[in-house]
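> Quick one, what's the 3D model for this:
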Amino acid sequence: MNPAITWHCPTNIGVGSDRVSLLHGEGGRSSRDFLRQRILTRFPYVAAALADATSLPRVHGPLAFTTDSFVVSPLFFPGGDIGKLAVIGTANDLAVSGAKPRWLSLSLIIEEGFSLTVLERILDSIATTADLVGMQVVTGDTKVVPTGCADGLFINTSGIGECLPDFVSNAKTLTPGDVLLISGPIGQHGLAILATRERFEMQCPLVSDCGDLWPAVQALHNAKIPCKALRDATRGGVAAVLHEWAADSNLSLCVDQKQFPLSPEVRGLSELLGMDPLFVANEGTMLLAVPEAFVEQALAALRSVPISQNAARVGWVGPKNIVPVSVLRTFARAVPLDEPMGAVLPRIC
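Alright, predicted model coming up:
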C-alpha cells in the first residue's frame, strides 16, 4: 500500500508565462493547475493531492524523524543542485541515525519571477533522487514571496525513516581506544560550491560528493559492526563533528591529517586559498567510531559499496586531556584543532 500524498495549494502562483507570478490569488484555478501540472505529476505516489495531511502505512518498530532547510547558492553546481541536495541531505541525516529513509515532505519558498523552466528542472532532480534513495515524497507546501524577499528558491524538507534493530550510535558511548574512520574524501562539496560561486577556472572542475550514505550504513549493519558514533560531516566539516563528540563523551580525540583521503583538486585549491579541508562541508562523507577489534571489518564493509570505497582509518579516542581535539600535522606533531566558530563557507547547503 502506497501512502497518500498531500500538497497544500500554493499562494499566488501564475502559469500564464515562463515565470512564477504573484498575480493569481490563493486557491484559484491557476494555482491548482500549477500544482497539478508542474509538481504532482513528478511524484508517482499521488492519491489525495489537496488534502491537509497524509496517512502512512503501519511499520513495525521505531521511526526516526528529521527536518532541514536548504538555501545553497548557486542552485546548480558540479555534482548536484538544490533539489538533489535537499533529498540527499535529509536521507543522510536519517541514515547516520541508523534509519532507512522512507518518506519525505517537500516545501518550496519561491521568489516572484523565478523561472518555471528552472523550477521544473529542480523538481525533476528531486523526483529522480528520491527514487534513487528509496524515499517517497508524500506531502508538501508551496509559497511565493515578492521579488527581493528570497534568493530564487529555498527548500524545506522533513524525513521519516525506519530504525534498524539494535543500531546504537551515540557519542556518549565512546571509550578510550576506539578508532575513528572516514568513509571517503573530504572537502569536495564545500569547495565545489565555492569554485562555482566564484567562477574559478580549473583544469579539472571540483565535483560535490553529494551522495546517498544509506548503502554504507547498511553494509556496516549487515557486517554487525558496533558503531559507537556515526555522523555525516556537513557544516563545519570533520572538525565540527570531532568537537561535538569530544564534548558529548568528555574524552579527547586525535586525527592524523595525512590519513584523510583528498582529491588532487581539493588538495590544490585548499592550499591555494589557505583553507583546511577538515573545516569544509561534505554531503556524502561520514565520520564513524568503532572499537579497535572491528576496524578491519568495518573498513571492508565500507569499501564494499561505491559511496565509501575510499574509507580510511584517520584517528583515535583517548582519555580526556586539556585539548579536546588535536591533529597530527607536519612531522607527526599533535597540535590543537580549533572548533569552528562560524561558517567558513556560507550557504553551502
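> Just list the residues touching residue 78, thanks.
192, 196, 205-208 (Cβ atoms under 8 Å, 6 or more residues apart in numbering). To be clear about C-beta, it is placed using only N, CA and C from the backbone, and glycine gets the same treatment.
> at 6 Å what do you get?
192, 205, 207 (Cβ atoms under 6 Å, 6 or more residues apart in numbering).
> Of those, just say which sits nearest to residue 172.
Residue 172 has its nearest neighbour among these in residue 192, at 33.7 Å by Cβ to Cβ.
> how many other residues sit next to the closest one?
27 (other Cβ atoms under 10 Å).
> residues in contact with the helix or strand harbouring it?
Applying DSSP states H and E as the criterion places residue 192 in helix 188-197. With Cβ under 6 Å, 6+ apart as the test, helix 188-197 has contacts from 74, 77-78, 206-209, 266, 269, 280-283, 345, 348.
> What's the PyMOL line that selects buried ones from those residues?
Only the buried entries of those go into this PyMOL selection, using 16 or more other Cβ atoms under 10 Å:
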select buried, resi 77+206+207+208+209+266+269+280+281+282+283+345+348
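> Of the contacts of helix 188-197, which one scores lowest on pLDDT?
Lowest-confidence member of the contacts of helix 188-197: residue 345, scoring 82 (pLDDT).
> Spatially nearest residue to it, not counting backbone neighbours?
residue 190 (4.9 Å; Cβ to Cβ, 6 or more residues apart in numbering).
> can you map out the helices along the protein?
Under the criterion DSSP state H, the chain carries helices at the ranges 29-34, 82-95, 116-133, 188-197, 214-222, 237-249, 264-273, 295-303.
> and among those helices, the most buried is which?
Highest mean neighbour count among those (mean count of other Cβ atoms under 10 Å): helix 82-95, with a mean of 27.
> can you give me how far that one is from the chain middle?
Helix 82-95 has its C-alpha centroid displaced from the chain centroid by 4 Å (Cα atoms, centre = their mean, to the nearest Å).
> elements contacting it?
strand 63-70, helix 116-133, strand 153-163 (3 or more Cβ pairs under 6 Å, 6 or more residues apart in numbering; DSSP states H and E).
> Which one of the ones you listed lies nearest to residue 108?
Closest of these to residue 108 is strand 153-163, at 6.1 Å (criterion: Cβ to Cβ).
> buried sites along the closest one?
Under 16+ other Cβ under 10 Å, the buried positions of strand 153-163 are 153-163.
> can I get the residues you listed in TSV with distance to residue 312 and pLDDT?
Shown next, in TSV, are these (distance: Cβ to Cβ, whole Å; pLDDT from 0 to 100):
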residue	distance to residue 312	pLDDT
153	36	96
154	35	97
155	33	97
156	34	97
157	31	97
158	33	97
159	28	98
160	32	98
161	27	97
162	30	97
163	28	96
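> which of the residues you listed lies closest to residue 227?
Using Cβ to Cβ, these come closest to residue 227 at residue 163, 13.6 Å.
> now for stretch 107-127, what's the gap between its first and last residues?
14 Å (Cα to Cα, to the nearest Å).
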